[in-house]
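**Student:** The sequence and its predicted three-dimensional model are supplied below.
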Protein chains: 4
Amino acid sequence: MGGLFGVVTRDDCSQDLFFGTDYHSHLGTKRGGLAVKGSEGLKKFIHNIENALFKSKFEDDLSKLHGGMGIGVISDFDDQPLIIASHLGTYAIATVGKINNLEELASRASRKGVHFSEMSRGGVNPTELVATLINEGSTFTEGIQNAQQKIDGSCTLLLLTEDGLYAARDRLGRTPLVLGEKAGSRAATLETCAFPNLEYDTTQYLGPGEIVRVTEDGVEQKKSPEARMQICAFLWVYYGYPATSYEGINVEAVRNRCGAALARNDDAKIDIVAGIPDSGTGHAIGYATEARVPYRRPFVKYTPTWSRSFMPQDQSIRDLIAKMKLIPVRELVEGQRMLFAEDSIVRGTQLKDTIQRLFEAGAKEVHMRPACPPLLYSCKFLNFSQSRSELDLAARKAIHEIEGKADDFPVAYTNPDSEKHATMVERIRQRLKLTSLKYQRLPDLVMAIGLPKERLCTYCWDGTE
Amino acid sequence: MGGLFGVVTRDDCSQDLFFGTDYHSHLGTKRGGLAVKGSEGLKKFIHNIENALFKSKFEDDLSKLHGGMGIGVISDFDDQPLIIASHLGTYAIATVGKINNLEELASRASRKGVHFSEMSRGGVNPTELVATLINEGSTFTEGIQNAQQKIDGSCTLLLLTEDGLYAARDRLGRTPLVLGEKAGSRAATLETCAFPNLEYDTTQYLGPGEIVRVTEDGVEQKKSPEARMQICAFLWVYYGYPATSYEGINVEAVRNRCGAALARNDDAKIDIVAGIPDSGTGHAIGYATEARVPYRRPFVKYTPTWSRSFMPQDQSIRDLIAKMKLIPVRELVEGQRMLFAEDSIVRGTQLKDTIQRLFEAGAKEVHMRPACPPLLYSCKFLNFSQSRSELDLAARKAIHEIEGKADDFPVAYTNPDSEKHATMVERIRQRLKLTSLKYQRLPDLVMAIGLPKERLCTYCWDGTE
Amino acid sequence: MGGLFGVVTRDDCSQDLFFGTDYHSHLGTKRGGLAVKGSEGLKKFIHNIENALFKSKFEDDLSKLHGGMGIGVISDFDDQPLIIASHLGTYAIATVGKINNLEELASRASRKGVHFSEMSRGGVNPTELVATLINEGSTFTEGIQNAQQKIDGSCTLLLLTEDGLYAARDRLGRTPLVLGEKAGSRAATLETCAFPNLEYDTTQYLGPGEIVRVTEDGVEQKKSPEARMQICAFLWVYYGYPATSYEGINVEAVRNRCGAALARNDDAKIDIVAGIPDSGTGHAIGYATEARVPYRRPFVKYTPTWSRSFMPQDQSIRDLIAKMKLIPVRELVEGQRMLFAEDSIVRGTQLKDTIQRLFEAGAKEVHMRPACPPLLYSCKFLNFSQSRSELDLAARKAIHEIEGKADDFPVAYTNPDSEKHATMVERIRQRLKLTSLKYQRLPDLVMAIGLPKERLCTYCWDGTE
Amino acid sequence: MGGLFGVVTRDDCSQDLFFGTDYHSHLGTKRGGLAVKGSEGLKKFIHNIENALFKSKFEDDLSKLHGGMGIGVISDFDDQPLIIASHLGTYAIATVGKINNLEELASRASRKGVHFSEMSRGGVNPTELVATLINEGSTFTEGIQNAQQKIDGSCTLLLLTEDGLYAARDRLGRTPLVLGEKAGSRAATLETCAFPNLEYDTTQYLGPGEIVRVTEDGVEQKKSPEARMQICAFLWVYYGYPATSYEGINVEAVRNRCGAALARNDDAKIDIVAGIPDSGTGHAIGYATEARVPYRRPFVKYTPTWSRSFMPQDQSIRDLIAKMKLIPVRELVEGQRMLFAEDSIVRGTQLKDTIQRLFEAGAKEVHMRPACPPLLYSCKFLNFSQSRSELDLAARKAIHEIEGKADDFPVAYTNPDSEKHATMVERIRQRLKLTSLKYQRLPDLVMAIGLPKERLCTYCWDGTE
């Protein structure tokens, strides 16, 4: 997916920029980038963070990062931020989103004489493409609106310009963008978990398509928000950091409510509740509290040394790693009837191994309770993961087996009260060798979040666009 | 403190050695080291891990690490392992412990014509000193026993020799050493959390002073264990990883029992129970379950990018970091009566800030329940932390204020039922600005561990040697 | 200045590209870059070579460099090569030259909607600007011609395209470009010293403005050469490597002839002839042979460890370095009447110190014989050195002192037979504290090179454009 | 071989130490090391210099190197300097030499209880062994003498102690050690080329076995020189830097005289004289001057980027490199009768290729004149090169072919007037495909150096010990 952070300050933005960007590290694994505007103009620093922590890679740059304004980005794909010289002036740009019509837009621009030089593996760098769309405007605001209109997918962005920091949220608000303030400084962030320790107070959740210009003097609205919103519900379920809030709604609290909802609909006889760290923890705690069953940690994550994306070259070691991060605690597993609350089941491959390891360690029963309905559609709006093919989804595989075809399926599968749904869930349960499997119902998930369903994107579960 | 891991295998020990040693990363912050014995003899690799993860530093060495036997070490101080050529042959050595009479032993050796070349900042490298004591024997076993007898403090060690891997636990078993086995391989580890994912089964917890020689063919006992044991009780309370067991007793289970014991002696009216991650979590879960109060996570640790020991050079940033790892979740804090289970209170400095931040985030009450009694004595037997001065301990400071002197105090302070104890705790409570503060009683802690008190070292709490 | 090398081969171009580019290291000190076209498309690698050797920086890339075609560049300024996507396709580009109207061309392009993202310290990257001029054409050939016409200054370039390697020499041939061939491979080079060890035979010296397309199948002329040529005469005097030939004329041979010409016009009574290594060596050898005076090495360059551009941060050390590369050999200096042939005198600052050191080491007399006339004008056509200000030139300083003004001077100074010239030379001699100073005459230099004067650029000496 | 440099100064020795040691880079290719004694005691820095320049590796250490005294070493083998704690105190040690009885001395020490921890690939680190011999004395002087007596081979060394810098030359003076002085500082060096640019004046050439203690206050002789000297004559012929002097005799001057001696005994009809850079240059210049034949550079060394010991992993590239450093200048070769003065012919393998390339480039005749007699014995006293086997020597191969056996040969081969000698030289000439080959006579070489033959080691030519 990716993360964004921007600062405008009277003094020096480097520390806030460094830490504020770092607080988005859970959202991307490929590239980190920072750009600042100081007395010598714009400077940028981009590093590969696939095998190293953001902080260790950028520590050396910290002393060269001085300036009053800056933007930072964590990216799953291409180099960012870019520094662009154009008729609008020289500016830095960072984006989060997905551009489905990238090639079409790029060739349209090429025909007009525009070139692209920030080439990425797959061709044109999406952020450079966004810049060309912005450059088609006679002002930044006009240009950003042009980009919002032309892009099929989503795009939230930050620009560092001579006139201040431009922050623009995706047209349908699929990803969030939030403003904060402290004495002498203003910031824009995707994840609000970046704010408390940098002492920013949240001042405004930007609305869908809203564009603002942030300067030392204040925040100027350049375009008011659109009425329609389609914020991704999966942010609360899985992607967001527990300390973050979107639309004013905290992630950990939603997860606790998700777990509680699962418990209210459940009658499993169990000894302990657990989550697979880290993403299942909030859901599991909510379940345990509601069900009045002990919450336990039969799997411990070894955090001291696992960088998110450590990737040794040797394949045999990579296979080993798949299981190395979680250590089972045999003493807490043996003879237990265990219920695991999980955020979701994607392909289920690793989960299957994990369940197997629990039985090997002596578990008596293993019940699984995903905090959201079965995933049936791949996301078209955000770059959640490049490799996740729709047909690999556990639910789609089950349907494939039942129906004998993969690419189309009766809508009944999305109805939790239908026979078809029950058959599908039973197949998944059997494949994962679970004692029982019960998914969250969509209305319960929507209620746990607390926004009207029509303001949430629930496409991955029910196909509603 | 430090950690040790050793492997003997028919094939190639490199992967097990790499991961097994890495699983001790929570025990040391300065140096990591590996030695292997392959067809080209002994090779060693030592890296500074102060600003980088063990794995990222050693990844490049992995391809050069081949050999059937190896030892690894995580160290808080000096370079290790060392390769030593002597009349016993050429061997590699790694140690964990504390040598109080280091200088005396070193000058005794120098007078005999022995030199030291593995100089560390403070002079002689303790591990090289242990090697000279071993070299005084006519066999490894004799030499190790000589070291065990001469060292004032503690010493657990691994040797990689022509004749196999020697594993020797400290004379009084202050630190553990455990053997494990899988098809074709045997291993020795300080933390058993290194075993499950490498598929070793624990076969033997070495006794105090026990020495074994491990080869492909089996384990040969070279010296039987001593009767007396003084294993450090603080390993269960704080140092050990939750998935580890010492003397067959799991750390997380002990912590859950510690929390339960705290709850049984408590009558605080509270809304939620929480732990300060990571060390308070196990205790807090135990408390919440026993007290039937919801367990919540009002502080979230930002794990994706914090290497344990990231140390920027700029002091202003270092101050910033002190608070950056934990993110408060205002939504879960506001208006709550919160009880925090903590492992222990050492100086209380950071804790005071943390409590302050909770009140700033809107907490109504903050109750603190340390899982062990007040720390009154600095450890003499293990290198827990170089900088921890006895007089800086929160309890000693309180006594200093009450009694007007720092270096001596009435024994009554160790008695939880005494007036003096109550006065001391109240002073600490006031300094930390807590709603209430109640420490674990030592008998409850001992019972949570489950070993007879006389087999545990409880020196830091009651001064008993 | 900078260097260029390109290869087209049936197999893999990586080795030839690596070494061929490296053989241009004497022409640039800031950046090295390589681009290859392989099965995965275009890839580029750019490194800062200010504090490290080209080879050590690029060694690790060698294994990722595979492809049939490649271009390499040594640059004094910006990052190169660039990979550009445009309506002409995606191509890599590298350039050598100087664009005096860079800003004007860039703002013209910006107004048309083109953006620049390969920003360098001073703004637009000149190579990206050249690419925008090429993109204005409907074919590469048309585009290159457009660039040649629009650029005020000079530009020689290589393009790596889907259709092969385009090689285009500057419109007036200010810098050379030469084609070579061996079985299965063709190459383009700026310095022919790159050819013999890679076993290429020189097949064609491209003419001014000539454009060719090189493929596996052969060389196709896309534009025939222009009549007028203005190749830089200073290439033979100083910049070129001794093993290189331009227009078929070898550099070392020209230098030997320069020295011989100096000797024929000289009657100094001397004991030995020497050159200040490395640039004076060829001239000195020529002088010694002609004058039948022993050639000696009273200064030895310490080559084992001096990277061309080693730049420690500490200023006091940098001052030290200025003198460290050359070691005087007192035994060869003491009591000697020495004549030094030098390529040229630019500012004379270091030379003054060098002469001083010779007298300190016991030299009886020091005579200096520059191989070219006094430098009176800064180059407008090539980026010889960013910091060389015209008014800092030793000759201009002397004129400034004589005439009392710096920016204008009587043309007589360029006439070696004039009184003014003699006065100027005498002032320089006095400032440098030389026993005698005598410059080469321009006709002698032109004759040593062997081309008609009108085909050479001699602007820096006589101001002729 | 290796190099040594030491400084004692009132201020800070770091710069002099850094550059002084670097000026020995031509003498070793494996390790560089520095040790300083500052306010925090002894510190050392050791780096692998196989693929990088000394300066680039040590630049970062420069800021941590502060102290009044320091020693530096360039080593062909093991890590140096070592820091040793012993009954004599803690000191740093660096050595140059060869210990033929290393194993015997090491096992003798082991039996006494001494251990070795600075293990190198082949076992005990020779410098640690020397330290144990020094530690056997009750004072440093006594200990050094003990080492000088016990070592079979040679050993020149520097010690950095509490009492100042100890400098001790090999018992027979096989390698030199020279003292220098400037205001406030004293230095010891192996190569005097390190002195002029650091502004030291040579004050004393230490005699064989001489030991001095250098402090801020002066130089104290601890042991007077021995009468017998056996300084290596090959230092002047090949190893030494041209700007260096041994026993007061300059290397370049010796080489010029060697070349002149060759010319006086020669009647070859030639057009030009040349040397294969860099080692043949001094000899060639001497020949050309004496013979009044033009000196030319038909081979140019590409110095800008060749680090002495660049070693790519790919074997095919390594083969390529063998020929890449020297670029032939066809224009200077074609049709010429060329005479090459060379320092010596060792195996002749590369030389054969070089000659072949000259003929391919059009040479009419190639005559070779080595500046010393045929090498017939491998050095037993210095580590000139690990891989040079006696039987690989070009002269021994020729004898092997003539006599049919390799390990023994008639002494007549060392007599340049014998038939056998002539046959041997003719065979070598044929193998190398030379037009003519004529070696220097030993008396001429001795006269060029200027010391009595009995004070020179000429073992490699005539077997005299």
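**Tutor:** Great, that's in hand.

**Student:** would you say A:Leu339 is within a helix?
**Tutor:** No: per DSSP: H, G, I helix; E, B strand; the rest coil, A:Leu339 lies outside any helix segment and is strand.

**Student:** thinking it is in contact with A:Arg369, fair?
**Tutor:** Yes: contact status for A:Leu339 versus A:Arg369: in contact at 6.3 Å, counting by C-beta atoms under 8 Å. C-beta: built from backbone N, CA, C; applies to glycine.

**Student:** which neighbours do those two share?
**Tutor:** Counting by C-beta atoms under 8 Å, 6 or more residues apart in numbering or on different chains, the common neighbours of A:Leu339 and A:Arg369 are A:Tyr287.

**Student:** Show me the beta-bridge partners of A:Tyr91.
**Tutor:** Residues found in beta-bridge contact with A:Tyr91 (criterion: DSSP bridges) are A:Ile84.

**Student:** What about it, how many residues nearby?
**Tutor:** 26 (other C-beta atoms under 10 Å in any protein chain shown).

**Student:** now do the one 10 residues further on
**Tutor:** Residues contacting A:Asn101 under the criterion other C-beta under 10 Å number 13.

**Student:** Now that it has come up, it's in contact with A:Gln149, right?
**Tutor:** No: counting by C-beta under 8 Å, A:Gln149 is not a contact partner of A:Asn101; they are 11.7 Å apart.

**Student:** which residues touch the nearest residue to A:Leu376 once chain neighbours are set aside?
**Tutor:** In space, not counting the residues next to it along the chain, A:Leu376 is nearest to A:Ala395; the distance is 5.3 Å by C-beta to C-beta, 6 or more residues apart in numbering or on different chains. Applying C-beta under 8 Å, 6+ apart, one finds that A:Ala395 lies in contact with A:345, A:374-376, A:413, A:424, A:428.

**Student:** Number of residues surrounding A:Ser224?
**Tutor:** 10.

**Student:** dump the residue contacts of the nearest residue to it once chain neighbours are set aside.
**Tutor:** Closest residue in space to A:Ser224, ignoring its immediate chain neighbours: A:Glu210 at 6.5 Å, by C-beta to C-beta, 6+ apart. Residues near A:Glu210 by C-beta under 8 Å, 6+ apart: A:168-169, A:177, A:221, A:223-226.

**Student:** Tell me the buried residues within the residues you listed.
**Tutor:** A residue is treated as buried here by neighbour count (16 or more other C-beta atoms under 10 Å in any protein chain shown); on that basis the buried members of these are A:168-169, A:177, A:223, A:225-226.

**Student:** quick revisit: which positions within the one helix or strand the residue nearest to A:Leu376 maps to qualify as buried?
**Tutor:** Under the criterion DSSP states H and E, the helix or strand holding A:Ala395 is helix A:394-403. By 16+ other C-beta under 10 Å, the buried positions in helix A:394-403 come out as A:394-400, A:402.

**Student:** Repeat that for stretch A:258-269.
**Tutor:** Using 16+ other C-beta under 10 Å as the burial criterion, the residues of stretch A:258-269 that qualify are A:258-263, A:266, A:268.

**Student:** Turn these into CSV, including secondary structure, pLDDT and distance to chain D.
**Tutor:** Listed next are these as CSV, based on DSSP: H, G, I helix; E, B strand; the rest coil; pLDDT from 0 to 100; distance: C-beta to the nearest C-beta, whole Å:
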residue, secondary structure, pLDDT, distance to chain D
A:Cys258, helix, 98, 52
A:Gly259, helix, 97, 52
A:Ala260, helix, 97, 56
A:Ala261, helix, 97, 57
A:Leu262, helix, 98, 56
A:Ala263, helix, 98, 58
A:Asp266, coil, 97, 60
A:Ala268, coil, 96, 59
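
**Student:** Up against chain B, what does the stretch 51-200 of chain A have?
**Tutor:** When proximity is defined as C-beta under 8 Å from any C-beta of the partner chain, the stretch 51-200 of chain A approaches chain B at A:51-56, A:59, A:62-63, A:193, A:196-197.

**Student:** Model confidence score at the residue nearest to A:Ser224, please.
**Tutor:** Here the pLDDT value assigned to A:Glu210 is 98.

**Student:** Against A:Gln204, how distant is it?
**Tutor:** Relative to A:Gln204, A:Glu210 is positioned 9 Å away (criterion: C-beta to C-beta, to the nearest Å).

**Student:** Give the residue farthest from the middle of chain A.
**Tutor:** Of all residues in chain A, A:Gly335 sits farthest from the chain's C-alpha centroid, using C-alpha atoms, centre = their mean; the distance is 36.7 Å.

**Student:** Correct me if wrong: that residue contacts A:Ala361.
**Tutor:** No: assessed by C-beta under 8 Å, A:Gly335 is found out of contact with A:Ala361, at 10.3 Å.

**Student:** For A:Val329, grab the count of nearby residues.
**Tutor:** Count around A:Val329 with other C-beta under 10 Å applied: 24.

**Student:** any idea what sits nearest it, other than its immediate chain neighbours?
**Tutor:** Excluding its sequence neighbours, the residue lying closest to A:Val329 (C-beta to C-beta, 6+ apart) is B:Ala243, at 4.8 Å.

**Student:** for A:Ile345, helix, strand, or coil?
**Tutor:** Following three-state DSSP, we place A:Ile345 in the coil state.

**Student:** ditto for the one 5 residues further on
**Tutor:** In the three-state summary, A:Gln350 is assigned as helix, counting by three-state DSSP.

**Student:** mind listing the strands for the stretch 201-350 of chain A?
**Tutor:** All strands of the stretch 201-350 of chain A, identified by DSSP state E, counting those that start in this stretch, fall at A:201-205, A:211-215, A:218-223, A:231-232, A:245-246, A:249-250, A:272-275, A:299-301, A:326-328, A:337-342.

**Student:** helices and strands around the last one, which ones?
**Tutor:** Here strand A:337-342 touches helix A:251-264, strand A:272-275, helix A:281-291, strand A:365-370, going by 3 or more C-beta pairs under 8 Å, 6 or more residues apart in numbering or on different chains; DSSP states H and E.

**Student:** Quick one: closest of those to chain B.
**Tutor:** Using C-beta to the nearest C-beta as the measure, helix A:281-291 is the one of these that comes nearest chain B, at 4.2 Å.

**Student:** What's the mean pLDDT across the closest one?
**Tutor:** For helix A:281-291, the per-residue pLDDT averages 97.
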